[in-house]
Structure formats: C-alpha cells, structure tokens
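In: What follows is a predicted structure for the sequence shown.
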Amino acid sequence: MHAHIKQRIESTINNIAALPTMPEVATKILNMVNDPEVSFKAVAEELSKDQSMTTNILKLCNSAYFSKGKEITSIERAIVTLGIKEVTNIVMVIAAKPILDKYVIGYDLGKGELWKQGLIVGTLAKKIALQKNRKDIADVVFTGGIIHNIGKTVIAIFVQNTYNDILDEVKKNNITFNEAEKEIMGYSHQEISEKILEKWNFPPVLKAIVRFYAEPDKAPDNFKTEVSIVHIANTISIMAGIGIGSDGLYHQLCKIALDTTKITGPELEELFSKIPELTKQIMEIQ
Amino acid sequence: MNGSLINVGVAQVKTGTQPAVLRTILGSCVGICIYDRMKKIGGLAHILLPNDTANGANPEKFADTAVPYLVQYLLKEGAKKEFLSAKIAGGASMFKFEANVSLGQIGDRNVEEVKKALQKFQIPILEEDTGGNTGRVIDFFLEDGRLKVKAAGQEKIYYKV
C-alpha cells in the first residue's frame, strides 16, 4: 500500500470543501419525500424557491423520457401529473449532472461517459425493480444508480498515480479492481462515495447503495435488494461498454445479487439486449 | 484527427472514407472493422449479441446480421470484395461471473459468431484483439485501415490491411 496516497486521500475526504457539493434544495427534497406525511404543497414551495431548478425541472418534465404526454408548465402540475417521486428523480438528475458530466482522469473516462453510465444504470435499475414487482424501491434505485460511481470523481487523480500497481494487484491476487483500489490506495472509490453522501446528508439506503454496489454480499440485510439491483444494472452497463474505463471488466457479478432479486439468466440477457434502446431513451436527458 | 472523428454507438454500423476515423468503446461487444485497401473506404459495426432475435428489425445489433449489412453497404459504395479485409476487437468477459449465467460467455459467443459471419463472405480476419477482461477504445483510421486499440492504459496499433 502507498501510505502517502492514503494520507492524501484522507486529507481530501476530511476537507469538506474538496468534495463535490449538492444543491441544498436537492437534499431537502430527497429527505422530504421520505416522510410519508409530506404535502405536495410543501415540496412545490421548496422547489419554487430555486429559479434555475424550476426551469430545469419543467424542461425535463416535458422531455420524452419523463413526459406523460400533456405539456407541463408549473411545478404544481408536474407533481400532480408525474407524482412527487418522479419529480424527485428529475431533481436528482439535474443536481447530479454537473458533478458527473466530466472527463475522469485515472479511470480514463471521456467527457460524459460517467454521466451516461449513471443514467443507464439508474434507468436499468428502475426497470429491474418494476419487473420484479418492487415499485416501492424503483425511485431509490434510480437515484442510487445515477450516483453510484460518484466517488470516482474524487479518487480518480490518485488512481492516475497508482494505476499500474492496482492492475498488478488485480492479477497477482485475483481480486477485483475495486478491491485492489483499497489494497493499494487504502480506500476504494465506494468508500469515497459514502463519505460524499454523508456530507450531503443523504438517506441510509442511498449510502448503502454507493458503498456496496460492487459487493452486495456485504450489504446490510435491510437494503440488500436495492444494492443488488444496482449491482446487476452496473454489471450489464459495463459489459455493454458503457462507462467502462481503464478498470475494464475487472469486476464481478455476485451470485447473491441474482438470488436476492431472483433474476434469471434469460432476464439478464434480455436486459443486456435492451441497452441500445435505453441509450436512445436517455439521450434527451443526457 | 482533422475533425473527422465519428463515434459509433452500441449496435450501430457507421462507414466513411479517408481521412475519417471511426471510434467505439467495447466491453463484451465486438467491433468489426472492414476496409477496402484500394478504394480506402471502410466501416465499423459494433455488435452487442451473436444472433438475430429481432427478425431483421435491428440488423446492426447482431453479429449474424450486422456483417452482411456492412459488407453490402460497402459493396454498394463501390468497394470490391477481393480488396476487403477485417480486423476485430472486443469480446471481453467479466473477471468473475457466475458460471451458470449464460451472459457471462457473451463475449466469446460474439467473437465466434463474428468469425462465422465473416467467413461466409470469405473476408479474411487479419488482426484480432479479443477476449480478456479489459475494456477497449478502438480507433479505425480510414486513410490506411490501421486500427488503434487502447486497453488497460496501453495502446497497440495494427497495420495489416
């Protein structure tokens, strides 16, 4: 392990200002919708305070990806037509884009690749949840899928310096790239993601998704399904080459995720085969 | 790159003439680069799956339909079959995968079917950079048909045409 790299990562994650920021309104809304008592009026009021957020929400509401056909011209209409949860999804897309839509050094991801992967994984995760009759978690796995790789944006610079050592570790010890990140740098990108979500005050389920999406066997039981779904969606995405970087396919598909979600081999293949259509779908919100 | 970089998405076939460069990013998918060395035109098919299950509705997605689709297009543009050659890349697999999940072998199945399809047209495969666990970014240069493969931080260039 490179002790000095570990130290530098530690000072980065302990320096709040060095971590990406989430617009306050997004965190507020995310926590508000978790409260079953919340009124749609309160949500609309909160969103309307942020003019640029409002403009962006209305734009996305009327995109083919989110639209229900009728043109939406106000936040109130958006909530009534699409529902609070879908509007929250839209808020998360808007808030996450500036953080993820960039070139990621170290992982060798061209501009927009990480963002595109987030959208594909979120969309796939939602699809899996609905297919498995888990509408109740469809929105949280959508959000979790979008931000599951967020730690990469922070740790990438250190991967750049240690890439060859990480890859050697993968081959020498037959471990995944993420496990090797931890061995070499003292931290994996998933741990950094968790730190970022802690800073943002995000709910525990999302913290569990970003922390354990690559190793669902270690996820806490109460969130195992959510984590497993994002795990599967991420696997399908990288197999299709979306968001695949210098870490390649040095990852795993965990049996426990298949058992937890009861997803079958043919269902996996079917989801994989839908990637080109999903890529078209997300184009408008990309 | 003379501003002539053309990105090829999943399940897309794109063609061009010199000095265009066709680029795609591959995981388990396979990129099939076919080139006419005399006319200096070529095309790249990025296939996702080995066999057509859409009854021809989406020829660019499958190895067994994308190869004829690309070859016929090139012939129509004036390419001659005797001058065509192919290079293929991709078809990687997940590092660790449940043995009894068929999706795990999709990379190998893709490569196998691509070879069969090219053989049907008697187009020789001159270079092959397939398998393993790395992602690949490939650039296919239509000025001379060379193929650049970037994988795991390393670049290789294949020149044979």
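Out: Structure's in. What do you need?
In: contacts and neighbour counts: CA atoms only from here.
Out: Will do.
In: which stretches of chain A have low pLDDT?
Out: Across chain A, nothing is flagged by pLDDT under 70.
In: residues in contact with the residue lying farthest from the centre of it?
Out: What lies farthest from the middle of chain A is A:K172; by C-alpha atoms, centre = their mean that is 29.9 Å. With contacts defined as C-alpha atoms under 8 Å, 6 or more residues apart in numbering or on different chains, A:K172 has no neighbours.
In: then the host helix or strand of it to PDB, C-alphas only?
Out: Here A:K172, judged by DSSP states H and E, is contained in helix A:152-173. Written as PDB, here are the backbone C-alpha positions of helix A:152-173 (Å, rounded to 0.1, in the frame of the first residue of the first chain):
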ATOM      1  CA  LYS A 152     -14.600   8.100  -8.800                       C
ATOM      2  CA  THR A 153     -14.600  11.800  -9.500                       C
ATOM      3  CA  VAL A 154     -12.700  12.400  -6.300                       C
ATOM      4  CA  ILE A 155     -10.300   9.400  -6.100                       C
ATOM      5  CA  ALA A 156      -9.500   9.400  -9.900                       C
ATOM      6  CA  ILE A 157      -6.400  11.600  -9.500                       C
ATOM      7  CA  PHE A 158      -4.900   9.000  -7.100                       C
ATOM      8  CA  VAL A 159      -5.900   6.200  -9.400                       C
ATOM      9  CA  GLN A 160      -3.900   8.000 -12.100                       C
ATOM     10  CA  ASN A 161      -0.800   7.800  -9.900                       C
ATOM     11  CA  THR A 162      -1.200   4.200  -8.900                       C
ATOM     12  CA  TYR A 163      -2.900   2.600 -11.900                       C
ATOM     13  CA  ASN A 164      -0.200   0.100 -12.700                       C
ATOM     14  CA  ASP A 165       0.100  -1.100  -9.100                       C
ATOM     15  CA  ILE A 166      -3.700  -1.500  -8.900                       C
ATOM     16  CA  LEU A 167      -3.700  -3.600 -12.000                       C
ATOM     17  CA  ASP A 168      -0.800  -5.700 -10.800                       C
ATOM     18  CA  GLU A 169      -2.600  -6.300  -7.600                       C
ATOM     19  CA  VAL A 170      -5.700  -7.500  -9.500                       C
ATOM     20  CA  LYS A 171      -3.700 -10.000 -11.400                       C
ATOM     21  CA  LYS A 172      -1.400 -11.100  -8.600                       C
ATOM     22  CA  ASN A 173      -4.200 -11.700  -6.000                       C
END
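In: how about the residue nearest the centre of chain B, what does it touch?
Out: Chain B has B:I32 as the residue nearest its centroid, 1.5 Å off, counting by C-alpha atoms, centre = their mean. Going by C-alpha under 8 Å, 6+ apart, B:I32 touches B:L44, B:A45, B:H46, B:I47, B:V67, B:A86, B:K87, B:I88, B:A89, B:V114.
In: Now with 10 Å, please.
Out: B:13, B:43-47, B:63, B:66-67, B:70, B:86-90, B:111, B:114-115, B:118, B:125, B:128, B:140 (C-alpha atoms under 10 Å, 6 or more residues apart in numbering or on different chains).
In: Show only the entries of those found in helices.
Out: B:A63, B:A66, B:V67, B:L70, B:V111, B:V114, B:K115, B:L118 (DSSP state H).
In: quick one: which of these is nearest A:F212?
Out: Closest approach to A:F212 among the ones in helices among the contacts of B:I32 (C-alpha to C-alpha): B:V111, at 32.4 Å.
In: What is the burial count for the closest one?
Out: Using other C-alpha atoms under 10 Å in any protein chain shown, B:V111 is surrounded by 27 other residues.
In: Let's verify A:S246: helix, strand, or coil?
Out: Following DSSP: H, G, I helix; E, B strand; the rest coil, the label given to A:S246 is coil.
In: CA atoms only: put stretch B:25-42 into PDB for me.
Out: Coordinates of each C-alpha in stretch B:25-42 appear next as PDB, following Å, rounded to 0.1, in the frame of the first residue of the first chain:
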ATOM      1  CA  ILE B  25     -15.800   1.700 -26.900                       C
ATOM      2  CA  LEU B  26     -16.200  -2.100 -26.300                       C
ATOM      3  CA  GLY B  27     -16.800  -4.400 -23.300                       C
ATOM      4  CA  SER B  28     -18.300  -7.700 -24.300                       C
ATOM      5  CA  CYS B  29     -19.400  -6.300 -27.600                       C
ATOM      6  CA  VAL B  30     -17.300  -6.800 -30.700                       C
ATOM      7  CA  GLY B  31     -16.100  -4.200 -33.100                       C
ATOM      8  CA  ILE B  32     -15.800  -5.400 -36.700                       C
ATOM      9  CA  CYS B  33     -13.700  -3.200 -38.900                       C
ATOM     10  CA  ILE B  34     -13.900  -3.900 -42.600                       C
ATOM     11  CA  TYR B  35     -11.700  -2.000 -45.100                       C
ATOM     12  CA  ASP B  36     -11.200  -1.800 -48.900                       C
ATOM     13  CA  ARG B  37      -7.500  -1.100 -49.200                       C
ATOM     14  CA  MET B  38      -7.800   0.100 -52.800                       C
ATOM     15  CA  LYS B  39     -10.700   2.400 -52.500                       C
ATOM     16  CA  LYS B  40      -9.800   3.400 -48.900                       C
ATOM     17  CA  ILE B  41     -13.300   3.100 -47.600                       C
ATOM     18  CA  GLY B  42     -14.400   1.200 -44.600                       C
END
